[in-house]
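Participant: Okay, structure incoming, though there's no sequence with it:
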């Protein structure tokens, strides 16, 4: 319906951004040549997993950080800092705790020297619109999460932006609150009661993207690239139980898992190979629990990821890392949005604790190069011990400091569970000796 | 914007009530005090009533007022210093590298040692006017207050939540607006707490700095400190007692009228997700909230502050995001900056060496090192002793909420009480019983500072999770094991904070405590404190510089090698959160 060849409101041209490594130098790319357009009258979703650079992209669009390469133009003008026509809603709400609701909403206007009386009038109107009547004098800590995010919306809307930027605005809320807030926002949007022309939102929730967006841009991880663009033509209000809706959700699941497998065939699902593999921080309990869940009825060793996400109430950011770690350790296989246990995975589910640890340790050594490397170094050294920082530095050649830290932590914890090596936290030393 | 006032004003009559009356009296009192003192401080130093101290008891309230006002001027100066110095350090990487170490050292320098210098400096600045001496006293208090405030503010500025910074940038707040709307409010709870701790510590210095004699110059500024000093030199026990009572009264008023309301006020600025169960209460604050007539005045102030905080104050021609300098240009600026800092440091060092070496020999240096070691021994011994006594007592109190509620304010109160007020009593005792001053004077060092250990340990024991105590009880952990494995690790971070403060205060106290007078009787202990005190009395500046320098080095080394590592252990391994 809004397919006329309009001049785009916002254009992102060939934007790239890089991590800073631990030593402060430029590291691997977060965003790799991303281009997109935003036209009037559409809600566009940036969908991807943590680490795909979607929030980074949103901040570049907002003018909060500048890209290493590429440009962003808004209304034909290059964006080189925060501009008037864009306003952002934050995942963490980001309200000033010492300001009342009214003052929080007014701040953007007052900062720009809008006269006090006018600012007050506009702020009250925005508060009214977003359903916060009666809470004007309340302080953020008196409000529930949903109410706080409403303040976040009012604060963004009051400055009359053309484009509303939303950074996972519902992900810090409980399920019911998030749903209410989504539908309230959609109602305002569909009825045209907000001054905004377009919404760009970041999300890692596939259903949320299908529920709200006219266009979904799927980003792949490490580096962030546009993997697919999906048009959603369902009429608002959309029904989650509608078969068409479900189909679309399943399609995106399949798409996102397929991408992950293709990116690094057979050598593991994670970007980077060998030592440079960035690993998620997962407890071994979660890993074992997931194997048991898939092994038990109703799945009996084979589950569709959307169903699994539903039954475990996990979002893709929680689910995918577990699934992919299982695949990496050869306890499971992922294909077409389904996960199925391998023979080793089934065996693991049937074993007792000690035998499980043994099996886990074996797989760790065989399939996680960092674990094998640590074990080798410890075996070779006469003291059979090594400082953890030694491996951290090695990892930082491949990835940013945060990722290196997380990866090492994971492997150390997994190695302790698999009884490959011991770790002393206070001296940050890895060793072969097992206490006791 | 309702920034400072968010009180319900509906459904109440417009007539004044009793709360209005109380609050009005408080405010008028403050005005009257400011006016009457403003007249006196501009008097010539030669005017007879300017420096003559009468021991009449009825003069005490006025002296107390003068002393208190000195404290307030100093705290305002400290606040101004904090807002500028700490902000600069937090905003500029280059400045940070220099300013923060300077602050760290300043924190370790015994303030009282430099009193003689500042007096001479300020007397020279305002020749013939009592204003010079006033400035010197205020400066001494300032130096005891400013550093930890600046540190707290700096640390807060470095930890402002990233999303709030993004909001302020996204909504295009100017740097000035961001400072007043985000950074300053965020730093407020820490700053106010440190400010109040500084004020408490300040009483010690105000008493010590009002009556100063440097060489031939003897100055008695009207105030409790001078009153006390005159009372001591005349051996007037009644007057000493009256001064102690006056100090107690002043600190009590300060605690109720300023400390509690401000701490209660600062809870507004805590960044927390839920309204915390623990509410700080203050009857003064409640009074102000309930008054009707005063509210417009408050609103006026709040409005004026808003105007001030919402000015954009942008430098013309500066874009919102300055272009980053090229690495080459950056390096050139770095080189220029650091080399000029280096030159300045070298020049100052040269100057100090010149100043000291003119009159002093290597022998003198060795002597001061020996004396400082003696004082170090005292400090270590007494901190250990205070620990042995107050840790068990503090834990005992802390795990009994009813008792802790009553004792905690008392401990904070005792920490604020200037212990030097009762030093002369000890002199009388030492002379009467012919005791060894080298040993018995030592206890004065810890007299005022031991309370920091006590109230921090109480706070630690109060914060100790009750489920951990219950777990210990259910596993029958008792006796020494209970202390070693349960309670001591739990209170450790708190204890270190308290002991660090106590140790810093003790070094300062040594300057006053190792050389004490009662009339013409003088008792002194061997140590760097008495060395500095005697040098001050004689007006021997090179000796003062040497003594203070050696002492500062000891303090810094002691802090770095002993307290810092302990602090790190507490932060890293034993923090219960």
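Facilitator: Arrived safely. Because the structure is a prediction, the values reported are computed rather than measured. Residues are numbered from 1 along each chain as shown, chains lettered A, B, ... in the order given.

Participant: Quick one: name the residues of chain A near chain B.
Facilitator: For chain A, the contact set with chain B under CB under 8 Å from any CB of the partner chain comprises A:59, A:62-64, A:66, A:80-82, A:84, A:86-88, A:90-92, A:94, A:96-100, A:102-103, A:106-108, A:110-113, A:137, A:139, A:141-142, A:155, A:159, A:426. Where you see a C-beta, it was placed from the backbone N, CA and C, and this is true even at glycine.

Participant: go with 6 Å
Facilitator: Residues of chain A that fall close to chain B, judged by CB under 6 Å from any CB of the partner chain: A:62, A:64, A:81-82, A:88, A:90, A:92, A:94, A:97-98, A:100, A:103, A:108, A:110-111, A:137, A:141.

Participant: Out of those residues, list just those in strands.
Facilitator: Using DSSP state E, the members of the residues of chain A next to chain B that fall in strands are residue A:88.

Participant: Which of the residues of chain A next to chain B fall in helices?
Facilitator: Among these, the residues falling in helices (DSSP state H) are A:103, A:108, A:110, A:111.

Participant: now the longest strand along chain A, how far from the chain's geometric center?
Facilitator: Longest strand of chain A, by residue count under DSSP E: strand A:26-38. Strand A:26-38 sits 16 Å away from the centroid of its parent chain (CA atoms, centre = their mean, to the nearest Å).

Participant: Nearest the geometric middle of the chain, what residue?
Facilitator: The chain I'm using is chain A. Against the mean C-alpha coordinate of chain A, by CA atoms, centre = their mean, the closest residue is residue A:50 at 3.0 Å.

Participant: wrong one, chain B
Facilitator: Centre-nearest of chain B using CA atoms, centre = their mean is residue B:198, 2.2 Å out.

Participant: Can I take it that that one is in a helix?
Facilitator: Yes - judged by DSSP: H, G, I helix; E, B strand; the rest coil, residue B:198 forms part of a helix.

Participant: picking up where we left off before, now the residues of chain A next to chain B: which count as buried?
Facilitator: A:62, A:64, A:82, A:88, A:90, A:92, A:94, A:97-98, A:100, A:103, A:108, A:110-111, A:141 (16 or more other CB atoms under 10 Å in any protein chain shown).

Participant: Please name the bridge partners of the nearest residue to residue A:429 once chain neighbours are set aside.
Facilitator: Distances taken as CB to CB, 6 or more residues apart in numbering or on different chains place residue A:385 nearest to residue A:429, at 5.4 Å, with adjacent residues excluded. Note on residue A:385: beta-bridge partners by DSSP bridges are residue A:431.

Participant: Surely residue A:385 is in contact with residue A:431?
Facilitator: Yes - using CB atoms under 6 Å, residue A:385 is in contact with residue A:431, at 3.8 Å.

Participant: Next, count neighbours for residue 65.
Facilitator: Let's take chain A. Residue A:65: 14 surrounding residues under other CB atoms under 10 Å in any protein chain shown.

Participant: meant chain B, my bad for not saying
Facilitator: Number of residues near residue B:65 (other CB under 10 Å) recorded here: 20.

Participant: Local confidence estimate at residue B:196?
Facilitator: Here the pLDDT value assigned to residue B:196 is 81.

Participant: All good on my end, thank you.
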